[in-house]
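S.K.: One predicted model, sequence on top.
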Amino acid sequence: MNKLSFQNALFNTYAIAASIKAVMMSWLTVARMMQVNGGFRSPEDIKKTILNPNPNAEQLAPNEYVDRIRRIQLNDLENLPFFLAAGFLFILTEPSISLAQWVLYGYVISRMLHFAAYFTARTHDTRATLWTVGSLILIFMSCWTLFVAFNR
Amino acid sequence: MNKLSFQNALFNTYAIAASIKAVMMSWLTVARMMQVNGGFRSPEDIKKTILNPNPNAEQLAPNEYVDRIRRIQLNDLENLPFFLAAGFLFILTEPSISLAQWVLYGYVISRMLHFAAYFTARTHDTRATLWTVGSLILIFMSCWTLFVAFNR
Amino acid sequence: MNKLSFQNALFNTYAIAASIKAVMMSWLTVARMMQVNGGFRSPEDIKKTILNPNPNAEQLAPNEYVDRIRRIQLNDLENLPFFLAAGFLFILTEPSISLAQWVLYGYVISRMLHFAAYFTARTHDTRATLWTVGSLILIFMSCWTLFVAFNR
């Protein structure tokens, strides 16, 4: 069976895990910028336009409400691209389907909980714990792949 | 035919779309840093060297001319890695070649126009519209992939 | 032979190169934040918790010791995701195994040296030279892929 076919349960698991998160984050930033009508970053953003009919200089000031989402998104950027690559290599090593599901869906769930904790400003301890789960899964998948690659 | 062969028109389309952008951005930052001889970020960057024979503390100050490129690049980072993964999964679902070309090349063109608008400091409205086109393409590809994966 | 099999020396080379770096960077940031007990970024990070029994407002101030790692990591983010995609497409063009090893392992080594130079605060010239090596490898792989894709 083709390794990259959606008939392949392993590949299917990866495709689902990889498609679920990420894109929505940017829209959250957009939503908050529109809500507070600020948190912009470029000088030209305070030109008068249809979407910004009453510009003022304060719209360029840092805005914690918007910046929180930016920090969450940066944390995602430090993690998701490596998950996309590591997860892909991991399923190509042909682990058991149940292991792949635990690992890949486990990662997605840990990141969703991390998002929820960051979004609602839980303590650093909570956030750090959830981040650690995702990070350990990433390390596990990478070490597994290296082990297979060196022992082929 | 092999799904990952360059003889496969779908894979070929992806390979072209994926290879075109990205790398050049960093060099633009380099070019601007050399032009203004500043916009550096680390304390050691104002040590006297062959490339920086007359260092001064102001070289570490934020520089809008350089920072604009950094913001463009960060916006790219929030988008391109997800495009690389989502586009790859999308072509593996075997859509029609014409749909794949519209979607993948459409994304690349929307990002190039977004770059042009940001680079020349067009209004936030223009930039936001172009960003939205790319973002909707990403969401479309991810939803398509999820639909195929759940209905295999 | 399957292009994505670990029996395939080309794919194996990619899998090793792709799995080696990246994940450890985040832990370095964590290690330094724990060492200096600061360099935090969110208001809630100075709540009293088990891991932070004596919080104070200064923990939110920028901390060069922690920020250096953040800058290194951002530089990685501007490079590694594109390497993961470009390297994957590059090995699928079926170059010779020795070329693939020079290019892929060369990239990994250039990034490790770049890390070492940034970490120990070497001059900007040293860091820029090492960054340039990695960047040229990325451009080489992307141009190679485009050449193959347009001439299939």
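M.R.: Okay, I see it. Just so it is clear, the model here is predicted, and its values are computed rather than measured.

S.K.: show me what contacts A:M25?
M.R.: When contacts are counted by C-beta atoms under 8 Å, 6 or more residues apart in numbering or on different chains, A:M25 touches A:I69, A:I72, A:Q73, A:D76, B:E78. Heads up, the C-betas are built off the backbone N, CA and C, glycines and all.

S.K.: Quick one: those residues as a markdown table, columns for neighbour count too.
M.R.: Listed next are the contacts of A:M25 as a markdown table, based on neighbours: other C-beta atoms under 10 Å in any protein chain shown:
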| residue | neighbour count |
| --- | --- |
| A:I69 | 21 |
| A:I72 | 20 |
| A:Q73 | 20 |
| A:D76 | 20 |
| B:E78 | 21 |
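
S.K.: how many other residues sit next to A:M34?
M.R.: For A:M34, the count of nearby residues is 14 (other C-beta atoms under 10 Å in any protein chain shown).

S.K.: What's the separation between it and A:N52?
M.R.: Relative to A:N52, A:M34 is positioned 10 Å away (C-beta to C-beta, to the nearest Å).

S.K.: Kindly report the same for A:A15.
M.R.: In terms of C-beta to C-beta, A:A15 sits 39 Å off from A:N52.

S.K.: What residues of the longest helix seen in chain A count as buried?
M.R.: Ordering each helix of chain A by length in residues (DSSP state H) puts helix A:124-150 first. Across helix A:124-150, burial judged by 16 or more other C-beta atoms under 10 Å in any protein chain shown covers A:124, A:126-131, A:133-135, A:137-142, A:144-146, A:148-149.

S.K.: same deal with stretch A:38-53?
M.R.: A:G38, A:G39, A:F40, A:R41, A:S42, A:E44, A:D45, A:I46, A:T49, A:N52.

S.K.: Need the residue closest to the centroid of chain A.
M.R.: With distances taken as C-alpha atoms, centre = their mean, the residue of chain A nearest its centroid is A:D76 (3.7 Å).

S.K.: Next, the residues that contact the helix or strand hosting A:G87 from outside, please.
M.R.: Using DSSP states H and E, A:G87 maps to helix A:80-92. Here helix A:80-92 makes contact (C-beta under 8 Å, 6+ apart) with A:3, A:10-11, A:13-14, A:17-18, A:21-22, A:100, A:103-104, A:107, A:111, A:134, A:138, A:141-142, A:144-145, B:81-82, B:84-85, C:4, C:6, C:15, C:18-19, C:22-23, C:77, C:80-81, C:84.

S.K.: So what angle separates the directions of it and helix C:80-92?
M.R.: Between helix A:80-92 and helix C:80-92, the angle comes out at 30 degrees (axes from the mean of the first three to the mean of the last three C-alpha atoms, to 10 degrees).

S.K.: Let's see helix A:80-92 as PDB, backbone CA atoms only.
M.R.: In PDB, the C-alpha atoms belonging to helix A:80-92 read as follows (Å, rounded to 0.1, in the frame of the first residue of the first chain):
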ATOM      1  CA  LEU A  80       4.300  23.500  14.900                       C
ATOM      2  CA  PRO A  81       6.700  23.500  11.900                       C
ATOM      3  CA  PHE A  82       9.000  21.000  13.700                       C
ATOM      4  CA  PHE A  83       5.900  18.900  14.500                       C
ATOM      5  CA  LEU A  84       4.900  18.900  10.900                       C
ATOM      6  CA  ALA A  85       8.300  17.600   9.800                       C
ATOM      7  CA  ALA A  86       8.900  15.300  12.800                       C
ATOM      8  CA  GLY A  87       5.500  13.800  12.600                       C
ATOM      9  CA  PHE A  88       5.800  13.100   8.900                       C
ATOM     10  CA  LEU A  89       9.100  11.300   9.300                       C
ATOM     11  CA  PHE A  90       7.800   9.500  12.400                       C
ATOM     12  CA  ILE A  91       4.800   7.900  10.500                       C
ATOM     13  CA  LEU A  92       7.200   6.900   7.600                       C
END
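
S.K.: and the helix or strand of chain A with the lowest mean pLDDT, how far from the chain's centre?
M.R.: None of the helices or strands of chain A scores lower by mean pLDDT, DSSP states H and E than helix A:23-36, at a mean of 80. Centroid separation between helix A:23-36 and its chain, computed with C-alpha atoms, centre = their mean, to the nearest Å, is 15 Å.

S.K.: Could you pull up phi and psi at A:K47?
M.R.: phi -80, psi 150 (degrees, to the nearest 10).

S.K.: Pull up the residues of chain A that are close to chain B.
M.R.: A:2, A:4, A:6-7, A:12, A:15-16, A:18-20, A:22-23, A:25-27, A:30, A:40-45, A:47, A:49-52, A:73, A:77, A:80-81, A:84 (C-beta under 8 Å from any C-beta of the partner chain).
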